[in-house]
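In: got a predicted structure plus its sequence, pasted below:
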Amino acid sequence: MILLARTQGKYEFMLRRFLGFMSSLLKNGKSIFGLILISVFLVLALGASFLTPYTAIGEDPLDRLAPAASNVPPTWFRSLPTWLGGNPALSENMVIVQNPGSPRLIADGGEFGLETDNPNVSATASNINYPYDLPFGYKRYGGEGSLRLTYTRQGGTAGGEVRTVIFKEFDFPYTGPPSSFYAAIAMQVNGSTALSGVPAVDKLQVPVKVNVILGPVDGRKWQIWPPVENIFYDVRIPKGFTKDALTGAPGPIERPLVGALVFDNVTGEFIDSGWVTSVKNELSTIRSSSQELINPKSPFPFPSDPARIVFSANPGKYMFGVEIVFVDTGSAEDVSTTVTIDNFGLLLKGTSFGLFGATHRGWDIFSQLVHGTRISLYLGISVAVFSVAIGLAVGLAAGYSGRIIDELLMRITDVLLVLPGLPLLVVLIAILGASIDNLVILLGVLGWMGFARMVRSQVLSIKERSYVEAAKAIGAGRFHIIINHVLPSVMSLVYISLATAVPGAVTAEAALSWLGFYDPMRMSWGRMLNEAVVEAGAISSWWWILPPGVCISFLAASFILVGYALDEVLNPKLRLRK
Amino acid sequence: MGLRSFILKRLVYSFVLILLVIVLNFVIFKSMPGDPVQFLMKPWTRESPEVRQQQEQELRDLWGFGEPFEVQAVKYVRNLFMFNFGRSFVDKISVTTSLERRLPYTLMLLGGSAILSILLGVIIGILVIQRRGTVVDSGTVTGSLVMGSLPTFWLGLVFLLFFYSMLHWFPNKGAFPDAWAFGWPVALTASSSYTSTSLSSVLSFNMVEAWALVAGYLRHLFLPLLTLTVFSVGGWILLTRATMLDVITEDYIVTARAKGLTERTVLFKHALKNASLPIITSAALSFGFILTGAIITETVFTYPGLGAWTWMAIRYLDYTVLMAIFYIVSICVVVANIVADLLYGVIDPRIKYG
């Protein structure tokens, strides 16, 4: 019972001492500033996953694709003066088709409009779903079902080319064009194959021509698909389609060059009871950046950047759609053709992105920055703990035990102090490999010397104090004396060194990463700077270079300030004299 | 113990330290993975395996890799003490030659920044002491702490960003304009050469061109110098402030004030003189690290000094260069330590060696 009371009293005393210590620490302006900064970084590190929708390297977590265009500034650059790199014409990412996985007409609660000049055409929602994955960051906008367009004509009535457009109108609010557009479409065509005199299996009675179009509602529109020549590998001409020279087509569609796809009755690929697919196992993709669209030798229309040309009338109302022409020759039989459209989407990538812009790979810088906090904090704190532990052990052993151990340990310390630190670190990292744990070990092993010297000199003076003599006289063991009498008087040094060892580790990691010795699995602040300056050569992109460095400096400074404040509180000798 | 025996003891101790460094140096590079001969072989030769093997053997004999361990170690130590570092693995130039070529740039950069930052630091530190306890004081202390914890390479990048990319005031790389790669500007070389014997042609040394020459070097020196100075000045401010704070409560300062001396005289004549001991010894120590200090800064600005050389050696694992650098840097640090120890006694005669 007495013992219990005693320990209780001890804890009470410890608690009171701790509270007193904290209150004196909080009276110090530097430590308040430092502690606030550290807590901000802690919040960032802990809440990184909630603060940004992207992964640690700034990818879209769903499809591991870059969410932005390459090397674009933050969105708030629009309201910045030009001499800082500001540009009022910057545009942002836009998702034009909200639900590309299940295209529906507005009448069915969807988003597409239908325009046709023939009463024989009808559109309905279908439950058929195409198994293709939409590229270009569309994964989060999935959906089941497809849009079915049917053309039926009674035998004996008039035929002719029946033009139908399924489209979505949208507002483009920015004064500058997007950096690129990405579109996709998947189609199947089915039709009556009962053409007279021909085997019924592989003939379509009404061939279909298809164009995907994009442009201002009241201006010239551009055919962005299909491409004309299969020049580059990333352009996919659907297998089994033929191209047809289609000139002088009706309507406002700008057709600088031929190239409508024809789903015809000769070479169409038939699978599963007469279905024709655009590409057998994939959908057709359209990128404004594809060589095929911008190559001057290509017969395709765009003289330079397609995105800039299509959106040259910005801002305003634009339309994105697919033009389907049923080429009905007007035969005597009843005819019917069905076109099923799915995964029909359009994305615009802006010329600006997010809070801090995007890297040369289109990765979100803000997300990298927030996740980088974790690495720096983890590394800084574990290196501090590790090196202080080594230094404490060496210092206590050297200071308290005899001459030979002391001499040996101190000579090792001297050698490590004399060797040039950074080259040695880099050479060892080059040998061991630049993983974050190797870095922790190396920085810890190469960072304890100064602290060990401090501990040793402190121990040397404490060893001669009378209370240690008294403890020895009672018969206390060496270990007992070190733990109970020597260690407590060294603890203030430990606290201070813990705080002041963090910034060195953080900046060392940054410097090593910047030199190229980074953990390839992680995106740290130093690696961000390496990518910006060394890989991308973007020395003028200040929105990219400043944030990681500011973070490194603030984190380092916050620990330095706390360490300095601890020093002022724990070593009253240093207190300001007036 | 007298001064002589102290120096002797320090010398013996330093010698042992350097020996230990040499051993560690040898062990580190000996234990590195990979066969250096493979590194030296041309990978693109099309000779038959026998010829290649013979070439390998020749290289092994030439560089002495084939000799037994003890012989290698003895040769290595002997060569180090004779400052014979061999040739670089990469460019095959003698290490000593490269060292001589690069040394002036590093001395200019690091020596300049050391002198600048010490002067600035001491002056600012004293100015701060005059205003101790005010917002200026705590602001300067905080600022110095923050500046000292900035990553140097990022500081350099920011300076590049503003002074090179945005303002175009200073060049971004090298130690002199690219056009000088094959010699100084023509007129200057012509006038300073002895092709013409007449005195007048020697005297026609053009001041404008001379200034252009100096300015060319200074313009390239400025940004790295600024980076290093900003990085290190904070430490000197803090050191000056701390030592001055220690001194300023002494009785003789009170006496000096009581005599009616101005605050400036008190600070500069009485306080600074007594506070200068730690400052001067730290300065001596910091000069020891001059040869290693600027790897990052020199790499950022592609400045052709020893730091950039070290970085190239690290990148290509140029053993001979790295060994030379480790050795020379260690010697410099040890010598600086001895100098600092001796300076103690020169400045403060009360200190007894022992």
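Out: Received it, and whenever you're ready, just let me know what you need. Since we're looking at a predicted model, the values are computed, not measured. Numbering: from 1, shown residues only, chains lettered A, B, ... in the order given.

In: so which residues on the stretch 251-354 of chain B come close to chain A?
Out: For the stretch 251-354 of chain B, the residues found near chain A under the criterion Cβ under 8 Å from any Cβ of the partner chain are B:289, B:292, B:295-296, B:299, B:310-311, B:314, B:317, B:322, B:325-326, B:329-330, B:333-334. Bear in mind the C-beta positions are built from the backbone N, C-alpha and C, glycine included.

In: if we use 6 Å, what do you get?
Out: B:292, B:295-296, B:310, B:314, B:329-330, B:333 (Cβ under 6 Å from any Cβ of the partner chain).

In: repeat for chain B
Out: B:17, B:20-21, B:133, B:142, B:145-146, B:149-151, B:153-154, B:157, B:160-161, B:165, B:249, B:292, B:295-296, B:310, B:314, B:329-330, B:333.

In: among those, which lie within helices?
Out: Under the assignment DSSP state H, the residues of chain B next to chain A contribute B:17, B:20-21, B:142, B:145-146, B:153-154, B:157, B:295-296, B:310, B:314, B:329-330, B:333 to helices.

In: buried subset of the residues you listed as a ChimeraX selection?
Out: Typed into ChimeraX, the line below selects the buried ones among these, using 16 or more other Cβ atoms under 10 Å in any protein chain shown:
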select /B:17,20,21,142,145,146,153,154,157,295,296,310,314,329,330,333
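
In: average pLDDT for the host helix or strand of residue B:59?
Out: Assigned by DSSP states H and E, residue B:59 belongs to helix B:49-63. Across helix B:49-63, pLDDT averages out at 81.

In: and if you look at stretch A:508-518?
Out: Here the average pLDDT along stretch A:508-518 is 88.

In: may I see the buried residues of that stretch?
Out: Buried-residue list, stretch A:508-518, by 16+ other Cβ under 10 Å: A:508-515, A:517-518.

In: stretch B:53-65 too?
Out: Using 16+ other Cβ under 10 Å as the test for burial, stretch B:53-65 gives B:55-56, B:59-60, B:63.

In: CA atoms of it as CSV?
Out: Backbone C-alpha positions of stretch B:53-65 (Å, rounded to 0.1, in the frame of the first residue of the first chain) are rendered in CSV as follows:
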residue,chain,number,x,y,z
GLN,B,53,41.1,-12.6,-71.7
GLN,B,54,44.6,-11.5,-72.7
GLN,B,55,43.5,-7.9,-72.7
GLU,B,56,42.0,-8.4,-69.3
GLN,B,57,45.2,-9.9,-68.0
GLU,B,58,47.2,-7.0,-69.4
LEU,B,59,44.9,-4.5,-67.7
ARG,B,60,45.1,-6.4,-64.5
ASP,B,61,48.9,-6.3,-64.6
LEU,B,62,49.0,-2.7,-65.7
TRP,B,63,46.7,-1.5,-62.8
GLY,B,64,48.2,-3.9,-60.4
PHE,B,65,44.9,-5.7,-59.6
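
In: now name the helix or strand holding the most centrally placed residue in chain B.
Out: For chain B, the residue nearest the mean C-alpha position is residue B:290 (2.0 Å; Cα atoms, centre = their mean). Secondary structure from DSSP H and E places residue B:290 outside every helix and strand.

In: now it: how far from chain A?
Out: According to Cβ to the nearest Cβ, to the nearest Å, residue B:290 stands 11 Å off from chain A.

In: quick check: that residue touching residue B:110?
Out: Yes: using Cβ atoms under 6 Å, residue B:290 is in contact with residue B:110, at 4.3 Å.

In: with adjacent residues omitted, what lies nearest to residue A:28?
Out: residue A:565 (4.3 Å; Cβ to Cβ, 6 or more residues apart in numbering or on different chains).

In: how about that neighbour, secondary structure?
Out: Following DSSP: H, G, I helix; E, B strand; the rest coil, we place residue A:565 in the helix state.

In: distance check, it against residue B:236.
Out: In this view, residue A:565 and residue B:236 are 21 Å apart by Cβ to Cβ, to the nearest Å.

In: one more: residue B:295?
Out: For residue B:295, the distance to residue B:236 - Cβ to Cβ - is 21 Å.

In: with residue A:452 instead?
Out: Relative to residue B:236, residue A:452 is positioned 25 Å away (Cβ to Cβ).

In: same question, residue B:149
Out: 15 Å.

In: and if you look at residue B:284?
Out: For residue B:284, the distance to residue B:236 equals 13 Å [Cβ to Cβ].

In: residue A:15 too?
Out: For residue A:15, the distance to residue B:236 - Cβ to Cβ - is 41 Å.

In: give me every residue in chain A lying close to chain B.
Out: A:30, A:414-415, A:418, A:420, A:422-423, A:426, A:503, A:507, A:510-511, A:514, A:539-540, A:542, A:545, A:549, A:552-553, A:556-557, A:560, A:564, A:577-578.

In: neighbours of the residue nearest to residue A:28, how many?
Out: By other Cβ atoms under 10 Å in any protein chain shown, 24 other residues sit near residue A:565.

In: which residues of chain B score low on pLDDT?
Out: B:1, B:33-34, B:42-45, B:181-207, B:291-293, B:349-354 (pLDDT under 70).

In: just the buried residues of stretch A:480-498, please?
Out: A:481-482, A:485-487, A:490, A:493-498.

In: in helices, which of these appear?
Out: Per DSSP H, those map to helices at A:481, A:487, A:490, A:493-498.

In: quick one: contacts for the residue of the stretch 401-550 of chain A found nearest chain B?
Out: Closest contact between the stretch 401-550 of chain A and chain B, by Cβ to the nearest Cβ, is at residue A:549 (3.5 Å). If you count contacts by Cβ atoms under 6 Å, 6 or more residues apart in numbering or on different chains, residue A:549 has them with residue B:154.

In: please repeat the previous calculation with a cut-off of 7 Å.
Out: With contact taken as Cβ atoms under 7 Å, 6 or more residues apart in numbering or on different chains, residue A:549 is in contact with A:529, B:151, B:154, B:157-158.
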